[in-house]
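S.K.: Output the structure for:
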Amino acid sequence: MPQPAVGDIRDPRMLRAMAHPLRLRILDAVAFCGSATATEVAEQVGESPANCSWHLRQLARYGFVEEAGGGTGRQRPWRIVLDRHRWGPGGAESTRVGQAAHQVLLDVEYQALREWLGNRHEESPQWRGAGFLTQAVGWCTPAQLAEIGAAINEVLARRLPDPIDPEARPLDSRPVRFIAWGVPARPSEPATADDG
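M.R.: Coordinates of the predicted model:
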């Protein structure tokens with residue numbers, strides 16, 4: 001199975017355009033549908049079609065979505081261009097915008113996790129049993145940490161079908177969110193008598 005394309009974001013304006021809570025929900029809606037009009041997106045995200053149309057045009061301006069062909073105006077379908085993006089340290093503005101983007105993305109993912117935990121009792125036994133949350137702490141060198149991150153990305157790329165092509169999705173499948181991080185921990189400072 002080919003690995004999904006990854007877009008490198010170098011322009012802080014592009015990152016700023018994507019790092020907006022509503023735009024992230026819009027991107028999810030379009031990705032989940034395969035293609036969707038502003039009206040269809042609006043129904044999924046609880047916003048007006050006009051507002052969604054404006055945000056879709058902004059996302060298109062920076063290459064996150066494109067017209068899928070057919071339709072006009074608000075009945076024009078849009079599709080995701082790339083499902084995966086990455087960015088890293090850059091200049092001062094890129095670093096500041098990147099930190100804000102990470103915060104927005106984590107807020108969206110935390111909300112999705114909280115919703116799952118709060119509503120999983122409503123899911124079928126199969127989905128309740130399949131969902132997971134895992135946590136670990138280990139000692140790693142920078143090279144080992146990089147190797148673990150690459151292995152996680154490789155597993156996801158190998159196991160997951162093309163997220164953009166609805167025809168590649170297995171029967172009875174549904175969108176599943178994955179998030180993982182490996183960040184160096186700061187050891188706790190030992191307590192002193194003054195802390196008491």
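S.K.: Could you point out which residue ranges in the protein have low pLDDT?
M.R.: Under the criterion pLDDT under 70, the flagged ranges of the chain are 1-12, 73-74, 82-95, 161-164, 188-196.
S.K.: how about the strands in it?
M.R.: Ranges of strands in the chain, per DSSP state E, are 6-8, 65-67, 78-80, 84-86.
S.K.: which parts of stretch 44-55 are buried?
M.R.: Across stretch 44-55, burial judged by 16 or more other Cβ atoms under 10 Å covers Q44, V45, E47, P49, C52, S53, H55. C-beta: built from backbone N, CA, C; applies to glycine.
S.K.: residues in contact with the residue nearest the centre of the chain?
M.R.: The residue lying closest to the centre of the chain (Cα atoms, centre = their mean) is L105, at 6.6 Å. Taking Cβ atoms under 8 Å, 6 or more residues apart in numbering, we find L105 in contact with A19, L24.
S.K.: What distance do you get for it to R177?
M.R.: 11 Å (Cβ to Cβ, to the nearest Å).
S.K.: Give me the common contacts of those two.
M.R.: Here L105 and R177 share no contacting residue, scored by Cβ under 8 Å, 6+ apart.
S.K.: quick one, longest helix in the chain?
M.R.: Counting residues, the longest helix in the chain under DSSP state H turns out to be helix 92-119.
S.K.: For that one, buried residues please.
M.R.: Neighbour-count burial for helix 92-119, with 16+ other Cβ under 10 Å as criterion, is recorded at S94, V97, G98, A101, L105, V108, W116.
S.K.: I figured the fourth one hits R13, correct?
M.R.: No. With the criterion set as Cβ atoms under 8 Å, A101 and R13 do not qualify as a contacting pair; they are 11.9 Å apart.
S.K.: now the longest helix of the chain, how far from the centre of its chain.
M.R.: 9 Å (Cα atoms, centre = their mean, to the nearest Å).
S.K.: check contacts around the closest residue to M14 other than its chain neighbours.
M.R.: Take M14 and drop its neighbours on the chain: the residue closest to it by Cβ to Cβ, 6 or more residues apart in numbering is Y62, 4.4 Å away. The contact partners of Y62, by Cβ under 8 Å, 6+ apart, come to D11, R13, M14, A17, M18.
S.K.: Let's see if you can find the most crowded of those residues.
M.R.: When neighbours are counted by other Cβ atoms under 10 Å, M18 leads those with 22 neighbours.
S.K.: and the residue lying closest to it once chain neighbours are set aside, how far is that from R79?
M.R.: Leaving aside its sequence neighbours, M18 sits nearest to F64 (Cβ to Cβ, 6+ apart; 6.0 Å). Note on F64: its distance to R79, by Cβ to Cβ, is 10 Å.
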